[in-house]
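Novice: A predicted structure for the sequence below; I have some questions about it.
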Amino acid sequence: MVNVALAGQPNSGKSTIFNMLSGVNQHVANYPGVTVDKMSANVKYAGNNYQIVDLPGTYSFSMFSLEEQVAKTFLLDEDTDVIVNVVDASNLRRNLYLTFQLLELGKPVVLVLNMMDIAARRQITIDIEQLSLLLNVQVVKATGSKRLGKADIMAAIATASQQEQTQLFKINYNQFEPYLAQLEEQISIESTISRRWLAIKALEGDALIVEKTGIKQQLIDDLTDEIHKRYDLDVDQGFARLRYDNADTLFHECVKEHRSGQENLTNKIDRVVLNHWLAFPVLGAVIYLIYQLSIVGGYELTNYTWPILASIKNWIIGWLPQAQFIDVPPITDFVIWMVNSTIALLNYVPIFFILFGLIAILEDVGYMPRMAFILDRVFKRYGLHGQSTLPLVLGGALVGGCAVPGVMATKGIADERARLATILTVPYMNCMAKVPFYTLLLGAFFPEQMTLMMFYISTVTLFIALSVARLITATFLSNKETAPFIMELPAYHLPTVKGVLLSALQRVWLYIKKVVTIVLAIAVVLFVLLQYPGIPAETMGQFRLSAEKALSDFDHKAQKTGHYQLVDEQMEVFALLNLYDQYKAQRMLTSSKEAVDSLDQAFMAANPELFPLVRPQGGDAKKINKAVRKLSKVSKKIRMAMKNEKISNSFLGMFGRALEPVSQYCGFDWRINVAFLSSFAARESAVATLGSIYENGQQGQRAENALASDGAYTPLHAVAMLIFMILSPPCIATMVVVKLQSNSYRWMAFATIFPISLGLITSALFFTMATHLGWSGEEMMRYFYLSAAAIAIALGLSNRKKPEWSVSK
Amino acid sequence: MPTSIQQPSLADLITGQQGVIQDCLAQGTLKLKLLNMGFIPGTKVTMIRNAPLRDPIEISIQNYLLTLRRSEAKLIMVKYHG
């Protein structure tokens, strides 16, 4: 096995080369201890196995971002056999800065000149032989986006891996040379890295290397002072200048540019996209397009995927032990609960797939850093970063979004403090799964003012998110590292179809693997909390009584028909009832006449005796069918009542009651508490739980009407619930990705507890004020909205006192 | 003590104007980052444009495009060129 590391500067098109070499069998993992994705692939070439790792892009061997740290540690610690250095052929001079340092490591290097097509278009000609000679490495031409150069690169890697140690590449560091020689002697450790490289980095003051080599920090400080006194030379600046000077010399010896004087495409596009007046409209259009394609288009797509999921569910249910009228076997209950929880999450996969694909396109095209460029000034004021734009948009600006892809999109933010702040802020944006809950409450209490209230809800989220970001960066995150905002605006590139699809698939797979599994584990816990200790015997007796009555009603009616012998035993009645329910469930998913016919045939073949009663052709069969329908209705009603009884008597129900002393200040009784608690598994279930609790004994009424006519709640209660819902975290899936991206359970706990407390306090505050001052529901919402807006604006205008960067005297 | 306050910084260049880097007042991480990105005395920089909200700025250096905030650009002293 030969270990190959793919290294290069950002925007050198390294991933297109990696995708070209690796095919689809890529493997995504994490570097130990950090959240940076480690992409690797096994490639077979000429009978040998090559393990290729795609390192994060890095400008130099410095450690400004997590990604740069990862790339550096990997190159130093791992048993890398060959380094493949990918450089942008159209921008050779700057790329050589890293190349020199890679060559100095003393390991076999293959230099890949990528984007040869762009270089050719710009009439840049590179003397490959001369370059290879001067650098003493193999140089290969490639165009990753067009899949050109794969064979050459693999051949070069194979040759390099056979190479015995050759003469070390050296830059003449002039005045530094004697000091380097002195330091080389001090290095005691054995390493696969050249001593000269270690000495250079030590002299540059690289703390990691100084520690590794056992050189005394004092010595470095002394040498630095000496150089400064003797040559009036700053060490960092000296090395950087020598590297750039050498790159310049090399560039002029190997590269010829025919300046056509023609403005290149990137400049032309930027003149529109970053134009003083057009930048915001263009940005708005891009965001709108993302929404249309992913959320709207994705929802459209779920119309097609949902029936598939539902039929899988029906298929699974078909294998479970069947219900005996109102007695549902616990295993059936459990499996249905788990299947429901799973498909609730899988239902979002189409939306996520489109979203992740769009993110990949934006990344590849080069628009991401430009978004940051346009909006950095706004976000900076709240302790965020220009690069926070996309995560916040995905989390749900204006229309509903989803925090899961939002949080996952934060990984590129270089500034650690801003990155954490963004991760913790995205969950405050407008989660689309909260929308049904809002509509339910607004429909019940504010049918007239629905639009206005919806406007408040969807725009207040941004004020809250920004205020929270400002608050936590100034407090909890104030000691976190922050990085200067210095970003390359890369030339625009067309993304490759393969690259985009791979990236989208990998992220969707990550979601399924990590998020769905954890959420399911929690679903098990919730199931137990909702099921036990169960319905008291006395109440159960009452349910049994009504069940008996329904059965005897049915028996009575059936006796009068000619089919009585088919249903004269209780087991037969149950079987008929189950068949009826099953058929109805599948019939709901079938629309075309042909499909209905084949469904009927299948059922008929499986149940020749009973099916005619389910789908009667007339006469007595119709009468029994009517009785079955009645029985099915009654059984559903009883089961629903039992479910509510179970919930109210469950551990979660007790917990909801135990919270009443606190939640009463917000106007929440235990029923609302239970709805909120169970909704945490997935937001949708808030509606389901709230709906089902209120359906209690009011069958046939829509949940909205049931809520409004209940009498226990006023519009003020509704607004208190809305405020709490706006502030509370979306769901467990979000918390899981917060854990993944922040790499800490502490931040996950913080991201859960802080918003809940904030939600409780805020809604209690406004509920109390509203009841005492006699506000209407709309007024309560309006004042909440205005306060949030005022706080956000005040925080944005208040100046941060400390200068971000120290200035030398 | 005479200071270099009179000297223009990168943030003072107007759109399209070129300057030559004279000195970099940044320290620590920022200084290293700037050096790696090619901010070395003697290098030419061109102001390309301001962001729509005037901050950050976009410049061209070492044949590529870079954006940085005004607060950092103020630490890079330049001499007007041409």
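Specialist: Arrived safely. Numbers count the residues shown, from 1 in each chain, chains lettered A, B, ... in the order given.
Novice: for the helix or strand containing A:Leu394, packing partners?
Specialist: Assessed by DSSP states H and E, A:Leu394 sits inside helix A:389-396. In terms of contacts (3 or more C-beta pairs under 8 Å, 6 or more residues apart in numbering or on different chains; DSSP states H and E), helix A:389-396 is packed against helix A:279-290, helix A:349-365, helix A:368-380, helix A:403-408, helix A:416-425, helix A:450-474. Glycine gets a C-beta too; all of them are placed from N, C-alpha and C.
Novice: tell me the angle of the fifth one relative to helix A:368-380?
Specialist: Think helix A:416-425. Orientation check (axes from the mean of the first three to the mean of the last three C-alpha atoms, to 10 degrees): helix A:416-425 against helix A:368-380 gives 80 degrees.
Novice: Any residue of helix A:416-425 touching chain B?
Specialist: No - Helix A:416-425 is not in contact with chain B by C-beta under 8 Å from any C-beta of the partner chain; minimum separation 11.7 Å.
Novice: pull the CA atoms of that helix into CSV?
Specialist: Presented in CSV, the C-alpha positions along helix A:416-425 are these (Å, rounded to 0.1, in the frame of the first residue of the first chain):
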residue,chain,number,x,y,z
GLU,A,416,-13.5,29.8,15.0
ARG,A,417,-15.6,32.2,17.1
ALA,A,418,-17.8,33.2,14.3
ARG,A,419,-18.2,29.6,13.2
LEU,A,420,-19.3,28.5,16.7
ALA,A,421,-21.6,31.5,16.9
THR,A,422,-23.2,30.6,13.6
ILE,A,423,-23.7,27.0,14.6
LEU,A,424,-25.4,28.1,17.8
THR,A,425,-27.5,30.8,15.9
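Novice: For A:Asn114, find the nearest of the helices and strands packed on helix A:389-396.
Specialist: When these are compared by C-beta to C-beta, helix A:349-365 sits nearest A:Asn114, at 13.9 Å.
Novice: Briefly note if the closest one comes near chain B.
Specialist: No - counting by C-beta under 8 Å from any C-beta, chain B is not contacted by helix A:349-365; separation bottoms out at 14.7 Å.
Novice: Which residues does that helix contact?
Specialist: By C-beta atoms under 8 Å, 6 or more residues apart in numbering or on different chains, the residues outside helix A:349-365 that reach it are A:286, A:290, A:293-295, A:297-299, A:301-302, A:305, A:368, A:371, A:390, A:394, A:402, A:404-405, A:409, A:412, A:492-496, A:499-501, A:503-505, A:507-508, A:511-512.
Novice: for stretch B:34-46, same thing?
Specialist: Contacts for stretch B:34-46 (C-beta under 8 Å, 6+ apart): A:59-60, A:62, A:94, A:97, A:236-237, A:240-241, A:244, A:486, A:488, B:10, B:13, B:16-24, B:26, B:59-62, B:66, B:72, B:76, B:78, B:81.
Novice: Just give me the longest helix of chain B.
Specialist: helix B:28-36 (DSSP state H).
Novice: ok, now how distant is the residue positioned nearest the centre of chain B from A:Phe373?
Specialist: Nearest to the mean C-alpha position of chain B, by C-alpha atoms, centre = their mean, lies B:Leu10 at 3.3 Å. Distance of B:Leu10 to A:Phe373, computed by C-beta to C-beta, to the nearest Å: 16 Å.
Novice: Over to A:Ala418?
Specialist: From A:Ala418 to A:Phe373 the distance is 15 Å (C-beta to C-beta).
Novice: do the same with A:Ile753
Specialist: 35 Å.
Novice: the more surrounded of the two?
Specialist: A:Phe373 (30 against 11; other C-beta atoms under 10 Å in any protein chain shown).
Novice: what's the neighbour count on the closest residue to chain B within the stretch 451-600 of chain A?
Specialist: Among the residues of the stretch 451-600 of chain A, A:Leu489 lies nearest to chain B; the distance is 4.1 Å by C-beta to the nearest C-beta. As a burial measure, A:Leu489 scores 24 neighbours (other C-beta under 10 Å).
Novice: Make sure A:Thr99 is indeed in a strand.
Specialist: No - A:Thr99 is assigned helix when assessed by DSSP: H, G, I helix; E, B strand; the rest coil, not a strand.
Novice: low-scoring stretches of the stretch 1-150 of chain A, by residue?
Specialist: A:32-35, A:78 (pLDDT under 70).
Novice: same question, the stretch 301-450 of chain A
Specialist: Short version for the stretch 301-450 of chain A, where the test is pLDDT under 70: A:398-399.
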